[in-house]
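S.K.: This is a predicted model, with the sequence first.
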Amino acid sequence: MTERYINLFTDFGFKKIFGEEANKDLLLDFLNQLFTERGKIIDITFLKNEKLGRGDMDRKAVFDLYCKNEKDERFIIELQKAKQNYFKDRSIYYSTFPIQEQAQRGEWDFKLQGVYTISIMDFIFDDKNENQLRHDVALIEKNTKEVFYDKLIFIYLEMPKFNKTIDELETQFEKWLFLLKNLHRLDRIPDKLKTKLFKKVFEIAEITKYNEQEKYAYQDSLKVYRDMKNVIDTAVNEAVEEAVEEAKNQRNIEMAKDLLERGMSIKDISELSKLSIAEVEKLKNN
């Protein structure tokens, strides 16, 4: 079935909804659901998403979305499609650019405005807490567990852990999570999402309303996303199959060892354990 609405985990889809000036009310609402305890964000200004190091040889950072609010606090919003090595290190590294750009020439007392990184992840990076999809990370004092510095915050959203149905949605934040994960699977606006704000999301996300250039850009972005998912899914499936085969082989080995201790013949053990005669003989001689 042809999808009616864009996939928000594509670069095109994510930036179409959250990264355009005409739609910044959508990003503003999403951010306010994330930062309910820090006071309402009144306005946001989009900033250049490519940041260069101080020297010509320094590595650059390219954010998916980068903006600031009326208090000059910076927000990095990143869409993470796949698990990668040193993912946490990358988050820390990216946060240094908005920090350094606040440096002032001449006399300066080093006062900084807040820097907040939001990572919306299409993978699970914390298997220890099965039901915790949101992680709020800050600098703390280890002994007292009190926040040491509250102007550098990292928020990680593990989207695969969000499994609520449309009827189970209770908060505005949950409705946003539902759309992030499921918008491309819908063929109409659910009654629970028929508010002015979410109607705008669906209107912007309807693929048939795009011109040919936009449709091509979306399909290209969708192909990149699907290809990446396919590579990852294939690797995961192969790893699972390998682990299952290894576990099965280990069980056969343990069975063969046990039967050897009971004095059964090598031929019979081979038939029962599915190990070759040579493998059973090797176990016997070890």
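M.R.: Structure received. Since we're looking at a predicted model, the values are computed, not measured.
S.K.: Could you confirm residue 175 falls within a strand?
M.R.: No: counting by DSSP: H, G, I helix; E, B strand; the rest coil, one finds residue 175 to be helix, located in no strand.
S.K.: which residues touch the residue lying closest to it once chain neighbours are set aside?
M.R.: Of all residues not flanking residue 175 in the chain, residue 169 sits nearest, at 5.3 Å (CB to CB, 6 or more residues apart in numbering). Placement of C-beta: from N, CA and C, glycine included. By CB atoms under 8 Å, 6 or more residues apart in numbering, residue 169 lies in contact with 175, 178, 192.
S.K.: need the strands for the chain, in chain order.
M.R.: Using DSSP state E, the strands found in the chain span residues 44-46, 50-51, 61-62, 65-69, 74-80, 115-121, 134-140, 147-158.
S.K.: partners of the residue lying closest to residue 21 once chain neighbours are set aside in the sheet?
M.R.: Counting by CB to CB, 6+ apart, residue 21 lies nearest to residue 46, which is 6.6 Å off, once chain neighbours are set aside. Taking DSSP bridges as the rule, residue 46 bridges to residue 67.
S.K.: Report the contact partners of residue 46.
M.R.: Here residue 46 is in contact with 19, 21, 24, 65-67 (CB under 8 Å, 6+ apart).
S.K.: Could you report the distance from it to residue 24?
M.R.: Note on residue 46: its distance to residue 24, by CB to CB, to the nearest Å, is 7 Å.
S.K.: What of residue 16?
M.R.: 12 Å.
S.K.: what's the angle between the longest helix seen in the chain and strand 74-80?
M.R.: Using DSSP state H, we find that the single longest helix of the chain is helix 212-261. Between helix 212-261 and strand 74-80, the angle comes out at 60 degrees (axes from the mean of the first three to the mean of the last three CA atoms, to 10 degrees).
S.K.: quick one on the thing from earlier: who's more crowded, residue 16 and residue 24?
M.R.: residue 16 (21 against 17; other CB atoms under 10 Å).
S.K.: wouldn't that one be in contact with residue 5 here?
M.R.: No: in this structure residue 16 lies outside contact range of residue 5 using CB atoms under 8 Å: 10.7 Å.
S.K.: Find residues that contact each of these two.
M.R.: Any residue near both residue 16 and residue 5 by CB under 8 Å, 6+ apart counts here, and that gives residue 205.
S.K.: returning to what we had before: among the contacts of residue 169, which ones are buried?
M.R.: 175, 178 (16 or more other CB atoms under 10 Å).
S.K.: Now flag whichever of the contacts of residue 169 is closest to residue 115.
M.R.: Closest approach to residue 115 among the contacts of residue 169 (CB to CB): residue 175, at 27.0 Å.
S.K.: ok, the closest one - contacts?
M.R.: 169, 192-193, 198 are the contacts of residue 175 under CB under 8 Å, 6+ apart.
S.K.: ok, those residues vs residue 211, which is closest?
M.R.: For the contacts of residue 175, the nearest to residue 211 is residue 198 (23.8 Å; CB to CB).
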